[in-house]
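Trainee: The sequence and its predicted three-dimensional model are supplied below.
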Amino acid sequence: MNRATAVPQRAATKRPSVTLDDTSKRIIELLQQDGRKSYASMAIEVGLSEAAVRQRVQRLLDADVMQIVAVTDPLQVGFQRQAMVGLRVGGDVTPVAAALTAMTEVSYAVTTAGSFDLLVEVVCEDDDHLLELVTQRIRSIENVTATETFVYLKLNKQLYNWGTR
């Protein structure tokens, strides 16, 4: 994959709100298509000056509305195992979620409703790394009562171009 993309983020803490007018939404959509798109070319497409586009992008980044990152194929950069881990928690999920999000292997974490309280996506070097992560580190977090690991066999689709509303 090895492409940069603008990924909308949901902030865990309250940030200053940013008004998403049609122009800001279009800038986000352009960056979702190509995270390396120049301010000059976006300016032409949205009808603003290059400086105005640069300022809008910076406000969107500062407010955690989006981030611009290089999305890589884990297999091509030395990580042979990806998995989703479902966790059941006895008690407050907040400290468990905080412990999970502090782990470098965790690339995605959500609090859910249903049979799992939390879902985390992890990226590991190999199966031994995954085994150590789940059995020694994740299961040892206080109030984690159960885990279920879903090992990825093949990545069929991964896009971040859902646009804005």
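Mentor: Yep, that arrived. Numbers count the residues shown, from 1 in each chain.
Trainee: Quick one: neighbours of Gly78, just the number.
Mentor: Using other C-beta atoms under 10 Å, Gly78 has 10 neighbouring residues. Every C-beta, even on glycine, is put in place using the N, C-alpha and C of the backbone.
Trainee: Let me know the pLDDT of the nearest residue to it once chain neighbours are set aside.
Mentor: Leaving aside its sequence neighbours, Gly78 sits nearest to Glu125 (C-beta to C-beta, 6 or more residues apart in numbering; 6.7 Å). Per-residue pLDDT puts Glu125 at 96.
Trainee: State the distance from Glu125 to Val85.
Mentor: 16 Å (C-beta to C-beta, to the nearest Å).
Trainee: Settle it for me: which of the two has more neighbours?
Mentor: Between Glu125 and Val85, counting by other C-beta under 10 Å, Val85 is the more crowded of the two (24 against 14).
Trainee: Surely that one is within a strand?
Mentor: Yes. Secondary structure of Val85 (DSSP: H, G, I helix; E, B strand; the rest coil): part of a strand.
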